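[1] Fold the stuff below for me.
(chains A and B)
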Number of protein chains: 2
Amino acid sequence: MEEEVYVAYLGPVASYTHQAALDSFTEPRFTLRPKTSIEDVFAAVADGSASRGVVPFENSSNGSVVFTFDLFANLSGKYGDIVVVNEAYVRVNHCVVGHPAAAPPSTGGDWSHITKLYSHPQAWGQCKQFLGAHFKHAEKQDVSSTSRGAALVAANPADTHTAAISSALAAKENGLAVLALNIQDSSENTTRFLVIRRASETASLDMRTFVDEPVEWDMYKTLVSFTVAQHGAPGALADCLAVFKKHKITLTSINSRPSGEGSWHYVFFVEFKGRKRAPNQGGPVNEALQDLGAVAKDWRWLGSFEDAAKYAK
Amino acid sequence: MEEEVYVAYLGPVASYTHQAALDSFTEPRFTLRPKTSIEDVFAAVADGSASRGVVPFENSSNGSVVFTFDLFANLSGKYGDIVVVNEAYVRVNHCVVGHPAAAPPSTGGDWSHITKLYSHPQAWGQCKQFLGAHFKHAEKQDVSSTSRGAALVAANPADTHTAAISSALAAKENGLAVLALNIQDSSENTTRFLVIRRASETASLDMRTFVDEPVEWDMYKTLVSFTVAQHGAPGALADCLAVFKKHKITLTSINSRPSGEGSWHYVFFVEFKGRKRAPNQGGPVNEALQDLGAVAKDWRWLGSFEDAAKYAK
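    Below you'll find the predicted structure:
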């Protein structure tokens, strides 16, 4: 029998990150463990207590998760060995969840019997239309996460006047029913997660791994970070970006965060199509990274991984 | 006598944005009005009820203020006429503020008589060393802003056991004393603010304005936003960035935010040295922006303004 493998994810149980972890690690040999912060996930992977970590990276409506970027920037010096091995997309589908007896009497949706709702402040903002149409009368109480709201409802089995706005996973984990499905305003609200590992941890645990040939460049993405000298040559940032163009590499995103080296000095994060290969195998990404090393002050390859947008649910 | 001129800023009274507004508009003819959100500042400028607005843009430790970027991205279509006319830098100097009778008995700093502190959660994190050394015993109560904490202390004049962590301005505005100065861990914590106006509002109200000649390029910065076609030519982002290099323009920052046009489509924000001139006057910035128009899907000049880093306090 194979030994148990631990995967750390940003909790609590039934968070959207938990869903991303379940989607990425389905075999029974994986034990998924919630962590209370993104840094705790990085720390568990860095110290080897988890073989993989799952963290949120960006949301299609809200943008970058800056905490994750700052950990990749490695300001603390503790996470220089962490790389990305996969990505996962989870659509944010908010539901009204509660005890089965709290279901509305008809499909028309008379919700007057629900007098109190729990949810995270961000979820109120993402479900404005539905809440405005059906829950104007209800008291809305903020809680620290949507799954915490579901747990609070579950804790009081006799109460059919209280419900929560959370995911279907949170309903399932807490033994509640989904009373209304997909109540969010925009159907386009998707969060992108990254699966991380130590660069030195090479066990093959991932659903999607790549063999070294054939190379289909468009199937992969690579994440790198770099800095430029604070008072260096004018155009240093442009010079760094030009290396990708020179090798005909398509940039897909660019972000910047304070570098920690001084005010108004940044670490830049660039994602692009393609992947790094073994040092002796050449190819445009290897050559671009070599050129980047000549113009950037510092740079770091943060991983090459299959573009999983096509698996998005 | 000149008519009164209104300046909107992100409140509350005595916020760091208030300090930036005071630094930027010192004459008695200016009436400074606090607004409860960054969008309210944009709205007051857009509808003409304020001639200028002051909003936070980035912090040297925490990075971009995404709410401000999203308003410049003009997702709502309401702020297409807003441009930047100046910038201001304010150093975050946290103080212990309280009633004069609450001062510690000696300069050695015995703070055992202060049993309760108010502040914003971010301030606790920025003053860890001082609080750990002197206020381990005190109850710490979160409030919505550092200046709100000062107001709560001021509301109870007999209480010499309660203090707040806030700015010296908040102490002054609330009639309190500064009991300890500059208690933050890092002396490098500075916030950068932008002064905005309507493009069509051309009254000369600003401390620093520029005449059209002579052009000292390094004295100015320009902010532009652009988007690229979602499924357009590979390398469209690199092509947009290359126009600045072609005209030997130094990029100083780059940011991206969701464009609102679809998942994983971004609006990019670029700042660079130099400034736009009248259309017939040419120059590298004018030429670069013309080239940008040929490769970007959309782009917008968001203002050229004097680099105020040298005035930072």
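
[2] can you give me the helices in the stretch 201-313 of chain A?
    Per DSSP state H, counting those that start in this stretch, the stretch 201-313 of chain A carries helices over the ranges A:236-246, A:284-295.

[3] Pipe those into TSV and attach mean pLDDT, distance to residue A:188 and mean neighbour count per row.
    Glycine gets a C-beta too; all of them are placed from N, C-alpha and C. Converted to TSV, the helices of the stretch 201-313 of chain A look like this (pLDDT from 0 to 100; distance: least, Cβ to Cβ, whole Å; neighbours: other Cβ atoms under 10 Å in any protein chain shown):
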stretch	mean pLDDT	distance to residue A:188	mean neighbour count
helix A:236-246	87	28	21
helix A:284-295	94	30	18
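
[4] Is it correct that residue A:92 is in contact with residue A:16?
    Yes. Contact status for residue A:92 versus residue A:16: in contact at 6.4 Å, counting by Cβ atoms under 8 Å.

[5] Identify the contacts common to those two.
    By the contact definition Cβ atoms under 8 Å, 6 or more residues apart in numbering or on different chains, residue A:92 and residue A:16 are jointly contacted by A:167, A:191.

[6] show me what contacts the closest residue to chain B within the stretch 51-200 of chain A?
    At 3.7 Å from chain B, residue A:60 is the closest residue in the stretch 51-200 of chain A, using Cβ to the nearest Cβ. With contacts defined as Cβ under 8 Å, 6+ apart, the neighbours of residue A:60 are A:188-192, B:258, B:263-264.

[7] Also residue A:255?
    If you count contacts by Cβ under 8 Å, 6+ apart, residue A:255 has them with A:64, A:69, A:268-269, B:255-256.

[8] Now residue A:72. Nearest residue, chain neighbours left out?
    Using Cβ to Cβ, 6 or more residues apart in numbering or on different chains and skipping residues adjacent in sequence, the residue nearest residue A:72 is residue A:302, 5.8 Å away.

[9] Would you enumerate the residues in contact with that neighbour?
    Contact analysis of residue A:302 by Cβ under 8 Å, 6+ apart lists A:72, A:82-84, A:223-225, A:269.

[10] wait, does stretch A:266-274 contact chain B?
    Yes. With Cβ under 8 Å from any Cβ of the partner chain as the threshold, stretch A:266-274 lies in contact with chain B, specifically through A:266, A:268, A:273.

[11] Retrieve the pLDDT associated with the first one.
    Put plainly, it is residue A:266. Residue A:266 is assigned 90 on the pLDDT scale.

[12] thought it was touching residue A:227?
    Yes. Under the contact definition of Cβ under 8 Å, residue A:266 touches residue A:227, with a separation of 7.1 Å.

[13] intersection of neighbour lists for those two?
    What both residue A:266 and residue A:227 touch, as defined by Cβ under 8 Å, 6+ apart, is the set residue A:259.

[14] near chain B, which residues of the stretch 101-250 of chain A?
    Along the stretch 101-250 of chain A, the residues adjacent to chain B under the rule Cβ under 8 Å from any Cβ are A:188, A:190, A:192, A:234-235, A:237-239, A:241-242, A:244-245, A:248-250.

[15] same thing but at 7 Å, please
    On the criterion Cβ under 7 Å from any Cβ of the partner chain, chain B has as its neighbours in the stretch 101-250 of chain A the residues A:188, A:190, A:234-235, A:237-238, A:241-242, A:244-245, A:248, A:250.

[16] what's the farthest-apart pair in the residues you listed?
    The widest separation within these, taken as Cβ to Cβ, falls between A:188 and A:234 and amounts to 39.7 Å.

[17] sorry, back to before: how about CSV for the contacts of residue A:302, with pLDDT added?
    Shown next, in CSV, are those (pLDDT from 0 to 100):
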residue, pLDDT
A:72, 96
A:82, 96
A:83, 96
A:84, 96
A:223, 97
A:224, 97
A:225, 97
A:269, 96
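
[18] Per-residue pLDDT of the nearest residue to residue A:269 once chain neighbours are set aside, please?
    Here the nearest residue to residue A:269 in space, its sequence neighbours aside, is residue A:255; by Cβ to Cβ, 6+ apart that works out to 4.4 Å. Model confidence at residue A:255, given as pLDDT, is 91.

[19] now do residue A:53
    At residue A:53 the predicted local distance difference test score is 97.

[20] Give the helix, strand or coil label for it.
    With DSSP: H, G, I helix; E, B strand; the rest coil as the basis, the three-state label of residue A:53 is strand.

[21] How about the contacts made by it?
    With contacts defined as Cβ atoms under 7 Å, 6 or more residues apart in numbering or on different chains, the neighbours of residue A:53 are A:8-9, A:41-42, A:44-45, A:196.

[22] Pick the one among the residues you listed closest to chain B.
    Here the nearest of those to chain B, counting by Cβ to the nearest Cβ, is residue A:42; it sits at 18.2 Å.

[23] Am I right that the closest one falls within a strand?
    No. In this structure, residue A:42 is helix, not part of a strand, as judged by three-state DSSP.

[24] In this structure residue A:70 contacts residue A:257, no?
    Yes. Because the distance of 5.8 Å satisfies Cβ atoms under 7 Å, residue A:70 is recorded as touching residue A:257.

[25] could you pull out the strands for the stretch 151-300 of chain A?
    Taking DSSP state E, counting those that start in this stretch to define them, one finds strands in the stretch 151-300 of chain A at A:162-166, A:177-180, A:190-198, A:220-227, A:251-258, A:266-273, A:298-306.

[26] ranking those strands by mean pLDDT, which is last?
    Ranked by mean pLDDT, the strands of the stretch 151-300 of chain A end with strand A:251-258 in last place, scoring a mean of 89.

[27] which intervals of the stretch 1-150 of chain A have sub-threshold pLDDT?
    When the per-residue scores of the stretch 1-150 of chain A are filtered using pLDDT under 70, the ranges that remain are A:1-2, A:106-108.

[28] And the strands in it?
    Assigned strands in the stretch 1-150 of chain A, in chain order: A:5-10, A:30-35, A:52-59, A:63-64, A:82-91, A:95-98, A:116-119, A:139-142 (criterion: DSSP E, counting those that start in this stretch).

[29] In contact with the closest residue to residue A:79 other than its chain neighbours, which residues are there?
    Of all residues not flanking residue A:79 in the chain, residue A:42 sits nearest, at 5.2 Å (Cβ to Cβ, 6+ apart). Applying Cβ under 7 Å, 6+ apart, one finds that residue A:42 lies in contact with A:53, A:71, A:79, A:82.

[30] hmm, try it at 10 Å
    For residue A:42, the contacting residues are A:8, A:35, A:50, A:53, A:55, A:67-68, A:71-72, A:74, A:76, A:78-79, A:82, A:196, taking Cβ atoms under 10 Å, 6 or more residues apart in numbering or on different chains as the criterion.

[31] nearest to residue B:129, of the residues you listed?
    Of all the contacts of residue A:42, residue B:129 sits closest to residue A:76, with 16.3 Å by Cβ to Cβ.

[32] now the nearest residue to residue A:222 once chain neighbours are set aside: how far from residue A:221?
    Counting by Cβ to Cβ, 6+ apart, the nearest residue to residue A:222 once its immediate chain neighbours are dropped is residue A:304, at 4.4 Å. Plainly put, residue A:304 is 7 Å away from residue A:221 if you go by Cβ to Cβ, to the nearest Å.

[33] Please identify every residue contacting each of the two.
    Taking Cβ under 10 Å, 6+ apart as the criterion, residue A:304 and residue A:221 both touch A:84, A:272, A:274-275.

[34] okay if I get those residues as TSV plus neighbour count?
    Compiled in TSV, the shared contacts of residue A:304 and residue A:221 are given as follows (neighbours: other Cβ atoms under 10 Å in any protein chain shown):
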residue	neighbour count
A:84	21
A:272	27
A:274	24
A:275	23
